[in-house]
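Student: Show me how the following folds:
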Amino acid sequence: MSNKITNNKTPTIVTASKEARELNRLRDSHSFRLGISMIKILKNPLRIIFLPFIILKLLFDKNKEINLQDSPTSGYFIIGLDRVNLEHSNYAESLTEIITKSDLGDVTLLNNSFEIREDLAGVKWYRIPAVRNGKETRKEWNILTERLLSSALSISKPSHIIYFGDYLYRGVIDSLELIGPGVQMTWFYQNDGSSKHIDNKKLPRMKPVLIPELNNLPPVSQSIHRILHQSEEQQILIVDIDKANNNLLKTIIEKSGNSMIAAIQRDSRLPQGIDMIVKMKDVMGMKLEGKICLIIDDKSPLLSSIGTLGACCLLVRTGQELSPIVNELISDLELNGKLVVTRRVTEIDIDNSVNYLKSLINETNYFDLSAYSEKSEHTNYVVKWIKKTNQSYN
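Tutor: Model (predicted):
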């Protein structure tokens with residue numbers, strides 16, 4: 001599509017959508033303008049004396065570049081789109097609240113929520129139906145999204161666009177692919193055990209970034225012993241290791257000693273030696289009570305909740321690339337003695353790490369969550385990264 005034409009004084013919203021830009025291109029084309037002149041001549045034959053001058057003007061008239069995007073401001077445009085439910089919409093609202101309270105700049109929100117939260121009443125808000133609401137076809141929804149999002153972006157002129165969603169919908173791509181290079185685009189996601197849907201090939205400028213949980217509320221206390229009907233004196237190791245690292249899991253089982261092994265429920269089959277199964281929803285985002293130790297690798301969804309779990313934890317680094325936000329969170333927790341990290345997966349290293357982890361289980365003040373949250377709250381890491389002028393994605 002040609003990016004030419006239009007008057008410099010034309011508001012950007014007039015040419016915000018793909019259809020509007022194509023309409024402007026057609027109307028400013030030489031053939032269209034000549035056709036309009038011929039129609040005027042037919043209506044008033046006396047105008048034919050001006051025809052040579054009209055043709056010469058069209059021949060020497062240079063097209064002007066279309067102004068796709070005005071200079072960006074320092075504001076943020078947050079998008080939260082869901083196929084079903086309101087998971088990503090809620091994430092978008094949480095980040096909107098965080099940015100607003102941090103006074104980072106103006107915020108515009110577009111999501112699927114039915115109504116704006118009271119604490120976000122001052123935020124400019126655009127609502128779009130969920131992808132699968134049963135009323136529009138997929139094509140109709142994408143066209144609606146492209147038109148609404150393009151218009152909203154042309155009005156807000158953000159410097160940073162932040163996206164929450166299952167994947168990049170066609171309507172979102174059509175809206176963002178012609179945005180000026182001065183606007184940063186970030187796809188925030190939280191680990192759900194599989195990042196296959198985090199695919200930005202159709203819009204490489206949209207950089208995926210793994211983030212911790214976006215929740216300012218205190219975590220709910222959870223007793224795994226009560227769920228598993230075990231004595232409070234029983235030492236439990238909760239493990240969540242990716243199926244690609246089954247040998248690592250087997251080593252941990254061998255070195256567990258008298259501790260009970262409870263594994264997070266997954267789709268893949270677990271090796272022998274697992275005593276109990278725990279649901280992910282019973283652990284993620286909770287503050288775990290009692291004699292609990294966590295052993296996870298760097299592909300575990302629990303990595304997003306690592307600062308709120310309130311239990312001694314061993315993180316086994318297996319080479320998975322993480323975002324700068326999560327890397328900084330891990331480094332601070334390790335530096336402050338709140339997290340055990342092993343970067344070698346030999347049998348002796350795992351044995352030493354597991355034994356050290358188990359030695360911490362009786363230290364009641366090992367993980368003082370109330371003191372920790374004041375300095376290292378999850379949201380602080382996200383805000384700190386957003387504040388940087390040129391954010392690093394690696």
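Student: CA atoms for contacts and neighbours, from now on please.
Tutor: OK.
Student: By mean pLDDT, which helix or strand of the protein comes out lowest?
Tutor: Least confident element among the helices and strands of the chain, by mean pLDDT, DSSP states H and E: helix 369-376 (a mean of 42).
Student: Please spell out the segments of the stretch 1-150 of the chain that come in under the pLDDT threshold.
Tutor: Within the stretch 1-150 of the chain, the segments meeting pLDDT under 70 span 1-28, 62-72, 134.
Student: scratch that, the stretch 201-350 of the chain
Tutor: When residues are selected by pLDDT under 70, those of the stretch 201-350 of the chain lie in 215-218.
Student: residue ranges of the strands in it, please?
Tutor: 206-210, 221-222, 236-240, 260-264, 276-278, 287-288, 292-297, 312-316, 340-342 (DSSP state E, counting those that start in this stretch).
Student: Export the ones you listed to TSV and append columns for mean neighbour count and distance to L333.
Tutor: What follows is those, written out as TSV (neighbours: other C-alpha atoms under 10 Å; distance: least, C-alpha to C-alpha, whole Å):
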stretch	mean neighbour count	distance to L333
strand 206-210	20	17
strand 221-222	16	20
strand 236-240	24	19
strand 260-264	20	23
strand 276-278	16	25
strand 287-288	22	16
strand 292-297	24	14
strand 312-316	24	10
strand 340-342	19	8
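Student: Save these as a markdown table, and put in distance to I55 too.
Tutor: Output for the strands of the stretch 201-350 of the chain, formatted as a markdown table (distance: least, C-alpha to C-alpha, whole Å):
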| stretch | distance to I55 |
| --- | --- |
| strand 206-210 | 45 |
| strand 221-222 | 79 |
| strand 236-240 | 74 |
| strand 260-264 | 75 |
| strand 276-278 | 78 |
| strand 287-288 | 77 |
| strand 292-297 | 71 |
| strand 312-316 | 74 |
| strand 340-342 | 75 |
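Student: Out of the ones you listed, the one nearest K135 is which?
Tutor: strand 206-210 (29.0 Å; C-alpha to C-alpha).
Student: other SSEs contacting that closest one?
Tutor: The contact analysis (3 or more C-alpha pairs under 8 Å, 6 or more residues apart in numbering; DSSP states H and E) places strand 206-210 against strand 184-189.
Student: Taking strand 206-210 as reference, get the angle to the strand it packs on.
Tutor: Between strand 184-189 and strand 206-210, the angle comes out at 40 degrees (axes from the mean of the first three to the mean of the last three C-alpha atoms, to 10 degrees).
Student: can you list the residues that contact strand 184-189?
Tutor: Residues from elsewhere that reach strand 184-189 (C-alpha atoms under 8 Å, 6 or more residues apart in numbering): 159-165, 205-211.
Student: and what of stretch 228-239?
Tutor: For stretch 228-239, the external contacting residues (C-alpha under 8 Å, 6+ apart) are 225, 256, 258-264, 276, 290-296.
Student: for stretch 164-183, same thing?
Tutor: Contacts of stretch 164-183 (C-alpha under 8 Å, 6+ apart): 17-18, 68-69, 72, 78-83, 88-89, 91-92, 141-147, 149-150, 158-161, 187-189, 197-200, 202-203.
Student: do the same with stretch 131-146
Tutor: By C-alpha under 8 Å, 6+ apart, the surrounding residues in contact with stretch 131-146 are 17, 81-84, 128, 169-172, 174-175.
Student: which two from those end up farthest apart in space?
Tutor: For the contacts of stretch 131-146, the farthest-apart pair by C-alpha to C-alpha is S17 and V84; their separation is 26.0 Å.
Student: Tell me which of these two has more neighbours.
Tutor: S17 (23 against 12; other C-alpha atoms under 10 Å).
Student: Buried members of the contacts of stretch 131-146 into PyMOL, please.
Tutor: Burial among these is assessed by 16 or more other C-alpha atoms under 10 Å; the matching PyMOL selection reads:
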select buried, resi 17+81+82+83+128+169+170+171+172+174+175
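Student: got the contacts of stretch 131-146 as CSV, with distance to N327 and secondary structure columns?
Tutor: What follows is the contacts of stretch 131-146, written out as CSV (distance: C-alpha to C-alpha, whole Å; DSSP: H, G, I helix; E, B strand; the rest coil):
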residue, distance to N327, secondary structure
S17, 38, coil
L81, 27, coil
D82, 28, coil
R83, 30, coil
V84, 31, coil
I128, 34, coil
Y169, 29, coil
R170, 32, helix
G171, 33, helix
V172, 29, helix
D174, 33, helix
S175, 32, helix
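Student: Switch the contacts of stretch 131-146 over to CSV; also include distance to L104.
Tutor: Below are those laid out as CSV (distance: C-alpha to C-alpha, whole Å):
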residue, distance to L104
S17, 28
L81, 23
D82, 26
R83, 30
V84, 31
I128, 25
Y169, 28
R170, 30
G171, 28
V172, 24
D174, 28
S175, 24
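Student: Can you tell me which of the contacts of stretch 131-146 lies closest to I55?
Tutor: S17 (30.9 Å).
Student: Helices of this structure, start to end?
Tutor: Ranges of helices in the chain, per DSSP state H, are 18-27, 30-43, 51-60, 87-101, 138-156, 170-176, 224-228, 246-254, 324-335, 347-359, 369-376, 378-387.
Student: Reformat those helices as JSON lines; add distance to V239.
Tutor: JSON lines is the format used below for the helices of the chain (distance: least, C-alpha to C-alpha, whole Å):
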{"stretch": "helix 18-27", "distance to V239": "50"}
{"stretch": "helix 30-43", "distance to V239": "68"}
{"stretch": "helix 51-60", "distance to V239": "73"}
{"stretch": "helix 87-101", "distance to V239": "26"}
{"stretch": "helix 138-156", "distance to V239": "40"}
{"stretch": "helix 170-176", "distance to V239": "38"}
{"stretch": "helix 224-228", "distance to V239": "13"}
{"stretch": "helix 246-254", "distance to V239": "8"}
{"stretch": "helix 324-335", "distance to V239": "18"}
{"stretch": "helix 347-359", "distance to V239": "11"}
{"stretch": "helix 369-376", "distance to V239": "21"}
{"stretch": "helix 378-387", "distance to V239": "22"}
